[in-house]
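Trainee: Sequence first, predicted coordinates after that:
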Amino acid sequence: TPAMSEGSGMNDFAKENPDKFYDVAIAEQHSMTFAAGLAKEGKKPILAIYSTFLQRAYDQLIHDVALQKLDVTLAIDRAGFVGGDGATHAGIFDVSYLRCIPNMLICAPADENETRLMLTTAFNHTGPASVRYPRGTGPNTEVEKKLVEIKIGEARIIHEANKNNIMLNFGSLLHIAEEVSRSLELTLIDMRFVKPLDEKLLHKILKNHKYILTVEDGCIMGGFGSSVIEFMVDNNYKNPVQRLGIPDKIIEHGSQDELCNECYYDDKAIYDFCRKMLDHQGSKYEEVAI
């Protein structure tokens with residue numbers, strides 16, 4: 001880790017495993033190349049790094065890790081709105097700038113249990129892998145003690161509704177997406193992986209659902225929703241799509257709740273956006289309190 005031991009919750013691990021822990025100080029580029037060197041020597045390094053500071057090691061990630069398909073796992077903390085640390089710490093760009101790197105695995109858990117499972121999956125994967133998760137607490141999901149792998153590139157159906165409309169979630173907003181989708185009778189799928197996408201499931205839902213909504217806790221430019229649209233264009237699907245994501249603006253200082261409100265990204269705003277979009281498409285819904 002490049003000086004992010006305490007923030008990433010690694011202090012206990014460092015004390016218990018001093019021979020397996022390295023804090024290289026504020027040297028993000030070096031931390032990536034150091035991890036690459038460990039992987040070249042047959043080690044299995046995990047680089048714990050904040051989303052915003054991973055940007056500083058971008059060149060090393062491409063040239064020293066991805067180009068050589070090295071077995072490095074990125075544990076990307078502070079993904080999404082970070083809050084009080086200010087504009088410099090907003091972890092909103094990582095999905096967009098990681099998607100274009102060959103050989104990368106990119107996944108995002110929706111809760112505490114999925115975080116454990118995805119970290120296990122990424123660690124056991126051979127090659128560059130990344131798991132992004134937000135600052136703060138999760139939705140208080142029960143955590144299974146057993147660590148098992150998730151099938152790479154496999155989404156999960158949260159619930160199905162008898163409607164033409166479907167919501168695709170990627171990341172930590174699943175608890176909001178579930179509440180909204182049930183209120184509006186939308187089928188909800190947690191995609192889990194943006195690279196690779198669950199193409200088999202996408203083919204199925206694009207053939208059987210008319211309107212698509214995507215939800216993500218990263219910037220909307222080049223993010224998860226963009227990957228779905230790219231897939232649709234490549235496969236000649238013409239379903240109407242609406243994307244919900246962090247807008248194309250600098251995220252200023254403020255609490256996470258304040259930033260969500262400012263970006264029209266809290267539960268009520270997401271509900272209102274989805275309802276208005278569906279109303280526009282000809283599906284009329286009664287107002288529901290969220």
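Mentor: Ah, there it is. Since the structure is predicted, the reported quantities are computational estimates derived from the model, not experimental observations. Residues are numbered from 1 along each chain as shown.
Trainee: And the strands in the stretch 101-250 of the chain, which stretches?
Mentor: 105-107, 129-132, 156-159, 165-170, 187-190, 193-195, 211-219, 241-246 (DSSP state E, counting those that start in this stretch).
Trainee: Quick one: mean pLDDT over the first one.
Mentor: Yep, that's strand 105-107 we're talking about. Regarding strand 105-107, the rounded mean pLDDT is 98.
Trainee: next one: the last one
Mentor: What strand 241-246 shows for mean pLDDT is 88.
Trainee: what would the strands of the stretch 101-250 of the chain look like in TSV with distance to Val180 and mean neighbour count?
Mentor: Yep, even glycine has a C-beta here, placed from its N, CA and C like the rest. Output for the strands of the stretch 101-250 of the chain, formatted as TSV (distance: least, C-beta to C-beta, whole Å; neighbours: other C-beta atoms under 10 Å):
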stretch	distance to Val180	mean neighbour count
strand 105-107	23	25
strand 129-132	22	26
strand 156-159	12	14
strand 165-170	7	26
strand 187-190	9	23
strand 193-195	21	23
strand 211-219	9	25
strand 241-246	10	20
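Trainee: For Ala39, find the nearest of the ones you listed.
Mentor: strand 129-132 (11.5 Å; C-beta to C-beta).
Trainee: Paired strands for the closest one, with orientation please.
Mentor: Using DSSP bridges, strand 129-132 pairs in its sheet with strand 73-77 (parallel), strand 105-107 (parallel).
Trainee: Provide the contact partners of that strand at residue level.
Mentor: 51, 72-76, 79, 91, 94-95, 98, 104-109, 115, 118-119, 121-123, 171, 218 (C-beta atoms under 8 Å, 6 or more residues apart in numbering).
Trainee: Okay, buried residues for the helix-or-strand element of the chain with minimal mean pLDDT please.
Mentor: Lowest on mean pLDDT, DSSP states H and E among the helices and strands of the chain sits helix 256-262, with a mean of 73. Residues Gln256, Leu259, Cys260 are the ones in helix 256-262 that count as buried (16 or more other C-beta atoms under 10 Å).
Trainee: what do you get for stretch 69-87?
Mentor: 70-83.
Trainee: who touches Ala3 in this structure?
Mentor: Ala3 touches Asp23, Val24, Ala25, Ile26, Ala27, counting by C-beta under 8 Å, 6+ apart.
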